[in-house]
Structures are given as C-alpha cells and as structure tokens.
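Undergrad: Sequence first, predicted model second:
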Amino acid sequence: MRSSNPVFSRRGFSRDNGYAGFNTAPQAGYAQGNPYAQGNPYAQGGNPYAQNPYAQNPYAQQDQQYGAPPQAPVTTGRMTMDDVVMRSAMTLGTVALGAVLAWALLPVSATSYGLAIVSALVAMVLALVQSFKRTPSPALILGYAAFEGVFLGVISEMYNSQWSGAPFQAVLGTMAVSAATLLVYKAGWIRVTARYARVGMSIAIAFVLVMAVNLLLVAFGVAPDGGLRSFGPLGALVGIVAILLGAFFLTLDFKQIEDGIAYGAPREEAWLAAFGLTLTLVWIYVEMLRLVAIFSSND
C-alpha cells in the first residue's frame, strides 16, 4: 500500500528485521478473522516476519494452571502505546512550536507567504525521503514537523487576518473529527479490512489526482475562481469530502498502531506511527481551515 505520495505511503512498518509482523498471530484470538492474515495490504514480497518468535508462548501452561488466559512474555524493545504517545507528542509538539514561532515572528506579507511555500516544499521532500526509507528516521520526521509547522503558522495567520478565529475553530474541528473517528473505530463500527483499505485508497488517490488537475487549471487561468476549490458551495462540498478522507486515513493509522503493538513491532517503529498521525492531522487541519473560511465567507 505504499506509494510515492507521503500521505499514502507511510502506512505499515518497515520489513527488514526479524520481529513479528502483520501476517502472524501474536497470541491466541488474533488468528481468526484477521483481515491482514491473507492478502495483507501492507506486505510487499516475502514477509520476513513470517516466523514469529513469540508465536509459541512459553508462559502459556503456567498461566493456564492458574486459570488465567495465555499472556505474551514480557519483552523489551517492542513498541508500546506509551512509545506511540510519546513520539506523537514530540512530533505534533514540533509542528505546534514551528507554527507558533512563525505566527509570532512573521507578519502577513508576500515574503512570509513565499516562505510558507518554501517550507511546505521542504516538508514534502523530507516526507518523501522518509517514505522511501526502510527504517524510520527521527531526524527526518522531526525536520518535516518543523517545516510543516512554519507553513501552518503562516497560513493560519493569513486566514486569521481575513476570518478572525478561523484557526482556533479549525483546531477544534480537527480535534472533534479525530475524537469521533477514534470512538467509531474503538466501538467496532468500522472494521479496517483489506477491502476497506483498497477502496478507500482508490478514492483518495482519485481525489488527489483530480485536485492536481484542478490546481493546474487554476495556475493557467482556466479556473480563475479556484475551480473545485472555490469559496462557494462546491468548494465546501470538496472540503467535506477531503475531511472524510482524513478520517479514513485516521482509521488506517489506528489499525497500524494496533497491529504494531499486537504483533511486536520494534520500538523505533513508533516513529512511523507518529509520522502517519501527524500527516493525517495536518491534512484534516488544513481542510478544516478552508471549510471554516468558506462558511464564514457565506455568513
């Protein structure tokens, strides 16, 4: 499921080590109904995780003697939820710090707008480099977060100068979408299966391609009002579709984290989980910012 697009290619963990992976059951109960057991969308080529050193739990008999369900052995060097939370906090904190500094130090001007574009391009390059690497690089991920933060800080200040309070509303909207998606995911109302991922990714790729064509039409003056990204009803509809795609990306992120922990991914893979979450939340925030501006313009 990897591609050259950093938004689409960060899914899944690296596959060049001997740790447990997505195609093996970490413990009893995971083997049945695992959507990744057959036709794993994250797997490419041979799976080096096929032999799970923890598939046979040495503590199983001891646990059963006491009437307790089998538990995986205590190990070190494995990714945990605390690792994901810590790395995500570091990455999102870097984005927030860059945004605050850019907002405070760069006044709204053509120069700051140009700097925002340069920062966005640098962030995209860093994200692409990380996407093509087989192992996570904290330096690349935090570098991406810093430049992305500068970009977000400048455009947020510009939006705020036109629509006062729009960035704050966009932050609240991003938090609401994230919380609602997590609730729906944990409640089991959405099951991330291979088919779900394929269909969603096909829609997402089609959306990005259409937006790329629309950008070219705007650049060449064919659609001077913004085309599909205009500040009208059509632009609002496209923005809502983009936010729904962001929620879809979040479900893939949640599944990635859940599987990584369950299947004993190495601890450094928590950086990939943080990277994926940051990309998705930035996507949702930018689209939410545009949507708030559209609705404010129509008031």
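TA: Yep, it's here.

Undergrad: now the helices for the stretch 51-200 of the chain?
TA: Counting by DSSP state H, counting those that start in this stretch, one finds helices in the stretch 51-200 of the chain at the ranges 60-65, 81-105, 110-132, 138-162, 166-186, 194-219.

Undergrad: Lowest average confidence across the ones you listed, which one?
TA: Of all the helices of the stretch 51-200 of the chain, mean pLDDT reaches its minimum on helix 60-65 (a mean of 41).

Undergrad: ranking the helices of the stretch 51-200 of the chain by burial, who's on top?
TA: Mean neighbour count (mean count of other Cβ atoms under 10 Å) peaks for helix 138-162 among these, with a mean of 21. Any C-beta I mention is one placed from the backbone N, CA and C, and that applies to glycine too.

Undergrad: Can you give me the buried ones in stretch 263-282?
TA: 263-282 (16 or more other Cβ atoms under 10 Å).

Undergrad: Could I get the helices of the stretch 51-200 of the chain in JSON lines, plus columns for distance to residue 239?
TA: Shown next, in JSON lines, are these (distance: least, Cβ to Cβ, whole Å):
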{"stretch": "helix 60-65", "distance to residue 239": "51"}
{"stretch": "helix 81-105", "distance to residue 239": "20"}
{"stretch": "helix 110-132", "distance to residue 239": "19"}
{"stretch": "helix 138-162", "distance to residue 239": "13"}
{"stretch": "helix 166-186", "distance to residue 239": "11"}
{"stretch": "helix 194-219", "distance to residue 239": "11"}
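
Undergrad: from the buried residues of stretch 263-282, which ones fall inside helices?
TA: Members of the buried residues of stretch 263-282 lying in helices (criterion: DSSP state H): 270-282.

Undergrad: Pull the most distant pair out of these.
TA: Greatest spatial distance among these (Cβ to Cβ): 270 and 282, at 18.6 Å.

Undergrad: Would you mind putting the ones in helices among the buried residues of stretch 263-282 into JSON lines with distance to residue 257 alongside?
TA: JSON lines is the format used below for these (distance: Cβ to Cβ, whole Å):
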{"residue": "270", "distance to residue 257": "8"}
{"residue": "271", "distance to residue 257": "12"}
{"residue": "272", "distance to residue 257": "10"}
{"residue": "273", "distance to residue 257": "5"}
{"residue": "274", "distance to residue 257": "9"}
{"residue": "275", "distance to residue 257": "12"}
{"residue": "276", "distance to residue 257": "8"}
{"residue": "277", "distance to residue 257": "8"}
{"residue": "278", "distance to residue 257": "13"}
{"residue": "279", "distance to residue 257": "14"}
{"residue": "280", "distance to residue 257": "12"}
{"residue": "281", "distance to residue 257": "14"}
{"residue": "282", "distance to residue 257": "17"}
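
Undergrad: Much appreciated, bye for now.
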